[in-house]
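S.K.: How does the following fold in three dimensions:
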Amino acid sequence: MRIGVDATILASNNEGIGNYLRELIKNLNDTEQFQFIFFTTNNLNLNDQQLVTGRNIVINVNKGKFIGIRTAFLIAKIARKQKCQLLLSTYSHILPLFYLPCWWLIYDISPLIHPEYFFTHHNFLIKIKNLPRKLVFNFLFKAAVKSSSRLLTISDFSKTEIANYFKISTSKIGMIGSGPTSWVNQEIDLATELKVLNQYDLKKYKYFVFIGTLSPRKNISLLISAFTNLLQTKSGHGFKLVIIGKKGWLYESIFTYLHDLTVKYSHLRLNKMIIFTDFIEATSINVLTKNSLALINPSFYEGFGMPPLEALMLGKEVILSNIPIFQASFLNIAHFFNPYSAQELTTCMEDIINGQILNNKSELEKLISKNNFNLVAEILLQELTKYA
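M.R.: Residues are numbered from 1 along each chain as shown. As a prediction, this is how the structure comes out:
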């Protein structure tokens, strides 16, 4: 059976969703029953990246970076020529409208549950312009859910959210899980580690780390506020905060807030103590995570959360907002705080500085055994065998 897979997101996303799909493809070996055809854009060669093996093949659709109506049409057209019996959309909410049967992998429905993080803007004119965009997005998203033969998602939390929001049976939704990206197992020599630490002036400092796109949903302004509080305590003097991730939607408000605090607390030298790396390669993420005191994720909403799992696998403490998905996934192995309370986050950071370590190896081993991409690929193949 030939399965077409939309891999176009890999041309423009090297973070959360892109990393997820890259790891999934790497583990989707061809079987006697299934052959996978991966559709990409921007001349992205998955073969050169050693992601595609066996009878699986890659077809470049066009040179564009983003999947729109034209790209979705081309993928559907080529999938028919290739005689794909099923098309799996791993990102686009447009593709299910162009090809049947089509399965759709939905990571989370945050734009629907929390549109304020995606379609609002401090500029009134831009806010008004975004209103039609929001309405079109909602319409197409709902139409795609209805058109999809089957939905897939990455956590039980997202499965429940999707079922409740669209008022559909959970039997139409397959939960295939998630896992860490392969950089957590990367062996890095001391010279490389020192080079990365020196690049960000961290060799002589202890620091906390955040990994994620800079956007309102990630709650980075509260993280900055909590860290500013920490620097004003005895235990927090001299620590740094490293924020890893590219600029996303409405990132400007983060830097405006930081600027205001820098002016207000000039003696703290926040511009020196808070480091924004922008997008960096996996090796640097590994080094910066492994040498940190702890990873912090203050998000208001997530579908799963790969960075906390990756940090735990590197032996790091994690401090997480007490949102449902984090409590369900990381209970007893993470420090939790209210994402609306900077003081609670500051207290968690102080606890770790003062040596309050959560050492629950059995819970961590259980979490790792349930979340890896070998298992994700295996469950996807089971889904295809049962429902395709």
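S.K.: Look up how far residue 321 lies from residue 212.
M.R.: 12 Å (Cβ to Cβ, to the nearest Å). C-beta here means a position set from N, CA and C on the backbone, and glycine is covered the same way.
S.K.: Low-confidence stretches in the chain?
M.R.: Counting by pLDDT under 70, the low-confidence segments of the chain come to 13-14, 30, 42-50, 63-67, 119-131.
S.K.: where does the residue of it most remote from its centre fall, helix, sheet strand or coil?
M.R.: Within the chain, residue 267 marks the point farthest from the mean C-alpha position, 35.1 Å out by Cα atoms, centre = their mean. At residue 267 the chain is in helix, as set by DSSP: H, G, I helix; E, B strand; the rest coil.
S.K.: and if you look at residue 152?
M.R.: Once three-state DSSP is applied, residue 152 turns out strand.
S.K.: Repeat that for the one 5 residues further on.
M.R.: With three-state DSSP as the basis, the three-state label of residue 157 is helix.
S.K.: Near it, how many other residues are there?
M.R.: By the measure other Cβ atoms under 10 Å, the count of residues near residue 157 is 21.
S.K.: what does residue 54 give?
M.R.: 11.
S.K.: distance of it from residue 317?
M.R.: 40 Å.
S.K.: May I have the residues that are in contact with residue 265?
M.R.: Listed by Cβ atoms under 8 Å, 6 or more residues apart in numbering, the contact partners of residue 265 are 228, 231, 232.
S.K.: right, I mislabeled it, should have said residue 220
M.R.: 210, 214, 243, 254, 298.
S.K.: residues in contact with the third one?
M.R.: Just to be clear, that refers to residue 243. Contacts of residue 243 (Cβ under 8 Å, 6+ apart): 209, 210, 214, 220, 223, 274, 275, 276, 277.
S.K.: Turn those into JSON lines, columns for secondary structure and distance to residue 304.
M.R.: Output for the contacts of residue 243, formatted as JSON lines (DSSP: H, G, I helix; E, B strand; the rest coil; distance: Cβ to Cβ, whole Å):
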{"residue": "209", "secondary structure": "strand", "distance to residue 304": "19"}
{"residue": "210", "secondary structure": "strand", "distance to residue 304": "17"}
{"residue": "214", "secondary structure": "strand", "distance to residue 304": "19"}
{"residue": "220", "secondary structure": "helix", "distance to residue 304": "19"}
{"residue": "223", "secondary structure": "helix", "distance to residue 304": "20"}
{"residue": "274", "secondary structure": "strand", "distance to residue 304": "27"}
{"residue": "275", "secondary structure": "strand", "distance to residue 304": "26"}
{"residue": "276", "secondary structure": "strand", "distance to residue 304": "24"}
{"residue": "277", "secondary structure": "strand", "distance to residue 304": "23"}
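S.K.: out of those, which one sits closest to residue 144?
M.R.: Relative to residue 144, the closest of the contacts of residue 243 is residue 214; by Cβ to Cβ it sits at 27.6 Å.
S.K.: what's across from that closest one in the sheet?
M.R.: residue 247 (DSSP bridges).
S.K.: how much space is there between it and residue 137?
M.R.: Counting by Cβ to Cβ, the gap between residue 214 and residue 137 amounts to 21 Å.
S.K.: ok, these two, which is more surrounded?
M.R.: residue 214 (22 against 17).
S.K.: For the more buried one, which residues are in contact?
M.R.: 220, 243, 245, 246, 247, 248, 251, 254, 276 are the contacts of residue 214 under Cβ under 8 Å, 6+ apart.
S.K.: Only the buried subset of those, as a PyMOL command please.
M.R.: Buried residues within the contacts of residue 214, by 16 or more other Cβ atoms under 10 Å, are selected in PyMOL with:
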select buried, resi 220+243+245+246+248+251+254+276
